[in-house]
Every structure is written in structure tokens, then in C-alpha cells.
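> sequence plus predicted model, see below.
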Amino acid sequence: MQITLEGKNALVCGSTDGIGKATAIVLAEMGANITLLSRNEEKLQKTLKELDTSIQGQKHQYIVADFFQSEQVTEAIKEHLTQQTTPFHILINNTGGPPLGPLIEKSSIEIIKYMSLHLTTFHILAQSLIPGMNESGYGRIVNISSNAAKQPLLNMGISNTIRGAISGWAKTLANELGPNITVNNILPGPTDTKELRNIIAGKAEQSGRSIEEVYGVLHSKVPLGRLGSPREIANVVAFIASPLASFVNGTNIVVDGGKTGSL
Ligand SMILES: NC(=O)c1ccc[n+]([C@@H]2O[C@H](COP(=O)([O-])OP(=O)(O)OC[C@H]3O[C@@H](n4cnc5c(N)ncnc54)[C@H](OP(=O)(O)O)[C@@H]3O)[C@@H](O)[C@H]2O)c1
């Protein structure tokens, strides 16, 4: 079984680090033309150079935009689409995670801010790209969410809240967008990225334990006994973005080494 994305254009967001970057790399290796999107131009230029171009002379580019600024994202994608002659077939909605802490301690302003970072921006990008997907007869919208969508996590109040909203939003779009467009969520468990390393360092500092001890506790909660790598998440994203996943639609796919306790 061979998976190819030759001739497909993919917009991969939050793609200069972690899961997003690994996804851009894997999709490029499968032959897709990648458009990266995140905030830091220097990191975007560096990531661009890491993308494979050997299959069919894939063409890669980037958009600089901040998901906290939804107007900026709207303008940036609008401008990009007026210049691009072929449509996007694949949208990977992804950005940085929300801050830790109990929900009850979070202000309504903070909740709205992070709801907007994920949900509003995912919606703007989906709305912008769907006409092109319909025109081309091929659409894959893949949202990077969290295993918190299945089983709320301790001390992750905002994350638990927004992941639930993403599930409802994505399922609704999946119901509305057939027959050529699928919409699915990938729910990573603990994955070795900058975001998780920061969380672990914070937990170690708060609890007075060493970083190794905090890692040890986390590993013990995963039946496979370790963290996932960004590439292990990206491989599943790539399958869902490919023609082989043509009947997978409107679902939450947990990629967590077995950590999530629910069925
Ligand atoms: N790692 C895990 O264990 C884990 C587990 C479950 C769920 N998740 C979720 O998976 C998603 C990705 O996590 P990750 O661990 O890969 O994160 P990461 O390593 O911190 O990477 C985040 C990426 O998003 C970009 N980004 C952050 N804020 C942005 C903004 N305002 N506008 C545009 N781009 C932005 C960053 O680039 P710039 O800063 O350069 O813009 C970077 O490329 C998050 O929603 C996270 O909560 C992660």
C-alpha cells in the first residue's frame, strides 16, 4: 500500500515546531506542495528548507499570520488565495496549546481568547478553503485537537473546554460538507514537543520534583511506556489527509499510546 499526495496542495498551520512541523515534513515527503503558516518568519524560512522537493519538484511557500489576530488571518489567507492559481486540497488546522490551570481560575476573557485562537481561526480557514476543495473535488480538513476531547485532563481547564467545542464544530461540518470533503480531528496524547517540555518543566518547578521524575510519572500513565514523537502523530494525520482515508469522516482519532482511559 503506497500513500501519495502528489499534486495536492496543503496548508499546514502551526508548522514551525512540534506536531505541525512534523506534519508539513511528512506531507511533503508524500509529494504534497506545502504552504506553512505561523507567526515567526525566520522559523518559517528555516522550516521551508527542511521540506522535501525531490518527488516532483514540490513547491513550498509560507504565510506569516498570528492565530490570535483573526482579522489578520482572514486578510492573509484572502490575499494568498487571490495569488494562488490552484486550490488547496488539504487544510491542517493547528496552533499552540492553551495555558494550564483549573477552569474556575480562568477569566472569561482568557476563555474567549483561546476559544478564538482555535475555533474562530479554524473556522475562518475552513470557510476560505472549502470553495476550492469543492471545485477540485478533493478536500481534507484535519484539526489537531487533544485527547482531552475524550477525557478531560486535570489542570487543563481551557484546553478541555475548547477541545469539546472543536469536536462539535468538526462533526457539524462533516455532516454538512460531503461528498468530496472529509473533516476529522486528531487527538494526540503526550507528544515530545516544545509545548510538552514547557509543561513538564512547569510541573517540576511547581511540585519540587525533578524533571526526570515528572517524565517518569507521565510515562507510567501511557501503556506503551513513553511519549509519542511528533512524527508518530504526523503519520496518522498524513493517512487521514490521503485518498486512502476516503471513508473516514466526522471522527476523533486518538493517537496517544493507549493513555486515554475512555473507550
Ligand atoms: N505536545 C503534546 O503533548 C500535545 C498533546 C495533546 C494535544 N496537543 C495539542 O496539539 C497542538 C500542537 O501542539 P505542539 O505540541 O505541536 O505545539 P508546539 O510544539 O508548541 O508548536 C506550536 C506551533 O504552533 C505555532 N503557533 C503557536 N501560536 C501561534 C499563533 N498564535 N498563531 C500562529 N501559529 C502559532 C508555533 O509557531 P510560532 O510560535 O512560530 O508561531 C508552532 O509552530 C496544540 O493545540 C496542543 O495543545 C499537544
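Nice, thanks for sending it over. Residues are numbered from 1 along each chain as shown.

> show me what residue 11 is bridged to.
Listed beta-bridge partners, residue 11: residue 35, residue 91 (assigned using DSSP bridges).

> pull the number of nearby residues for it.
24 (other Cβ atoms under 10 Å). Bear in mind the C-beta positions are built from the backbone N, C-alpha and C, glycine included.

> again with residue 23
Residues within reach of residue 23, counting by other Cβ under 10 Å, total 31.

> list the contacts of it.
Going by Cβ atoms under 8 Å, 6 or more residues apart in numbering, residue 23 touches 12, 15, 92, 94, 144, 233-234, 237-238.

> those residues: which ones sit near the ligand?
With Cβ under 6 Å from any ligand atom as the criterion, the members of those in contact with the ligand are 15, 94, 144.

> against residue 89, how distant is residue 135?
Counting by Cβ to Cβ, to the nearest Å, the gap between residue 135 and residue 89 amounts to 10 Å.

> go on, residue 45?
Relative to residue 89, residue 45 is positioned 24 Å away (criterion: Cβ to Cβ).

> over to residue 7?
Here the criterion is Cβ to Cβ. By it, residue 7 lies 8 Å from residue 89.

> now the strands for the stretch 151-263 of the chain?
If DSSP state E, counting those that start in this stretch is used as the criterion, the strands of the stretch 151-263 of the chain fall at 181-188, 252-255.

> wait, which of the ones you listed is closest to the ligand?
Closest to the ligand of the strands of the stretch 151-263 of the chain is strand 181-188 (Cβ to the nearest ligand atom; 4.1 Å).

> in its sheet, what does that closest one sit against?
Pairing partners of strand 181-188, with direction, according to DSSP bridges: strand 139-144 (parallel), strand 252-255 (parallel).

> CA atoms of the longest one as PDB?
This file holds the C-alpha atoms of strand 139-144, laid out as PDB (Å, rounded to 0.1, in the frame of the first residue of the first chain):
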ATOM      1  CA  GLY A 139     -11.000  18.100   0.500                       C
ATOM      2  CA  ARG A 140      -9.400  17.000   3.700                       C
ATOM      3  CA  ILE A 141      -9.800  19.200   6.800                       C
ATOM      4  CA  VAL A 142      -7.700  17.800   9.700                       C
ATOM      5  CA  ASN A 143      -7.800  19.500  13.100                       C
ATOM      6  CA  ILE A 144      -5.100  18.900  15.700                       C
END
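
> what about the helices in the stretch 151-263 of the chain?
Remark: helices of the stretch 151-263 of the chain, listed N- to C-terminal, are 157-177, 194-207, 211-220, 230-241; assignment by DSSP state H, counting those that start in this stretch.

> in the lowest-mean-pLDDT helix or strand in the chain, what counts as buried?
Of all helical and strand segments in the chain, the minimum by mean pLDDT, DSSP states H and E falls on helix 194-207, at a mean of 91. If you call a residue buried by 16 or more other Cβ atoms under 10 Å, then helix 194-207 has these buried ones: 196, 199-200, 203-204.

> most widely separated two among those?
Pairwise distances across the buried residues of helix 194-207 peak at 12.5 Å for 196 and 204 (criterion: Cβ to Cβ).

> gap between the residue of the chain most remote from its centre and the ligand?
Computed with Cα atoms, centre = their mean, the maximum C-alpha offset from the centroid of the chain is found at residue 208, amounting to 32.1 Å. Spatial separation of residue 208 from the ligand under the definition Cβ to the nearest ligand atom, to the nearest Å is 23 Å.
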